[in-house]
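Novice: Could you work out the structure for the sequence below:
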Amino acid sequence: MTSKNKIISDILGDSYHSGGEMLFHCPYCKHHKRKMSVNIEKNVFKCWVCDTTGRNLRRIVRRFGSYKQLQEWDKLTQRVNINDFYNIFEEIPKEPEQILELPKDFISLANKNLPRSAKSPLKYLKERGVTEKDILKWKIGYCDAGPCSGRIIIPSFNNQGYVNYYIARAYDSGWPRYKNPSASRDIVFNELYVDWDSDITLVEGAFDAIVAGNAIPLLGSTLRDRSTLFQKIVQKDAAVFLALDADAVKKENKIIRLLLKYGVELYKIDTEGYDDVGTMPKSVFLERKENATFICQDDYLLAAALSSI
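Specialist: This is a model prediction of the structure:
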């Protein structure tokens, strides 16, 4: 049977050894020198030029190797059947792209000249740590009339730039707190701004995503194997950081099981001490992300704990 070393070498090309590691040309930044360090035994890689890192070499095999090489790799590591991996999406009928309109009374807070009614929503956003830069990036607005009156509006744009959902959250004493549209939540929230070439963070809500950066909110749902978001994660081969609410243990464990089954590079961010990521200072979140726990599929203690839930 083909060895892991041979598969990696066939994909990345010539290398030389430095200590217990192999140095290759980086397939991400394509630097002219061999600056990508690969440790087969530890299952890690790092480019010393573009700083691309990973704790699962399968990520390189899947992205840059052939179908046959990925099959061989999965046999060596006893991963999920590769045929299941590629065929899981074929049985799912394609739904028409969901396109919505923002509330007709929507007022963008990204404008320079704002009406007096903008004072309260801006105050609310400032208290939640949302900056002017965040407002511009997320195209945040509000309504002071109509069905969504008294609510912050955070639009979601698909990868073509069309609105496919929005969050309508009360910034005063309005009830219910949320008046989101009666539309499908089977979307990748704000995919227009998601960088799939970088790691992504899964969070609960839109305000959590604002804090987390390159993040996608689950919108109160879990992650299912037939969902659009799950398909994208697997197809794009993104490394995933989980930053769910501290009390969402069962939900988190289900997501961990599902992502590990398909060989996703997975990390857990500690959210203890805060109601959610949205209440966490960005500096604290970044520090906790730096110290996130790598979740390894081969950790039998974790696997046993999850399977008993």
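
Novice: Contact partners for the residue most central in space within the chain?
Specialist: In the chain, the centroid-proximal residue (Cα atoms, centre = their mean) is Ile200; its distance is 3.0 Å. If a contact means Cβ atoms under 8 Å, 6 or more residues apart in numbering, then Ile200 has Val194, Asn214, Ala215, Ile216, Ile233, Ala238, Ala239, Val240, Phe241 as its contacts. Where you see a C-beta, it was placed from the backbone N, CA and C, and this is true even at glycine.

Novice: The first one contacts Gly213, correct?
Specialist: No. With contact defined as Cβ atoms under 8 Å, Val194 does not count as touching Gly213 (10.5 Å).

Novice: Give me the subset of the contacts of Ile200 lying in strands.
Specialist: Ala215, Ile216, Val240, Phe241 (DSSP state E).

Novice: got JSON lines for the contacts of Ile200, with neighbour count and distance to Thr279 too?
Specialist: Shown next, in JSON lines, are those (neighbours: other Cβ atoms under 10 Å; distance: Cβ to Cβ, whole Å):
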{"residue": "Val194", "neighbour count": "19", "distance to Thr279": "23"}
{"residue": "Asn214", "neighbour count": "16", "distance to Thr279": "20"}
{"residue": "Ala215", "neighbour count": "23", "distance to Thr279": "15"}
{"residue": "Ile216", "neighbour count": "27", "distance to Thr279": "19"}
{"residue": "Ile233", "neighbour count": "23", "distance to Thr279": "26"}
{"residue": "Ala238", "neighbour count": "21", "distance to Thr279": "26"}
{"residue": "Ala239", "neighbour count": "19", "distance to Thr279": "25"}
{"residue": "Val240", "neighbour count": "20", "distance to Thr279": "22"}
{"residue": "Phe241", "neighbour count": "22", "distance to Thr279": "18"}
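
Novice: His32: neighbour count?
Specialist: 8 (other Cβ atoms under 10 Å).

Novice: before we move on, the earlier item: so in terms of bridging, what pairs with the residue nearest to the centre of the chain?
Specialist: Taking DSSP bridges as the rule, Ile200 bridges to Val240.

Novice: for the longest helix along the chain, packing partners?
Specialist: Of all segments of type helix in the chain, defined using DSSP state H, the longest is helix 249-261. Helix 249-261 sits against strand 240-242, strand 266-268, helix 300-307, with contacts defined as 3 or more Cβ pairs under 8 Å, 6 or more residues apart in numbering; DSSP states H and E.

Novice: quick one on the thing from earlier: from the contacts of Ile200, which one has the minimum pLDDT?
Specialist: Ranked by pLDDT, the contacts of Ile200 bottom out at Ala238 (83).

Novice: so it makes contact with Leu202?
Specialist: No. Judged on Cβ under 8 Å, Ala238 makes no contact with Leu202 at a distance of 10.1 Å.

Novice: Of the ones in strands among the contacts of Ile200, which is the nearest to Thr271?
Specialist: For these, the residue nearest Thr271 by Cβ to Cβ is Phe241; the value is 11.1 Å.
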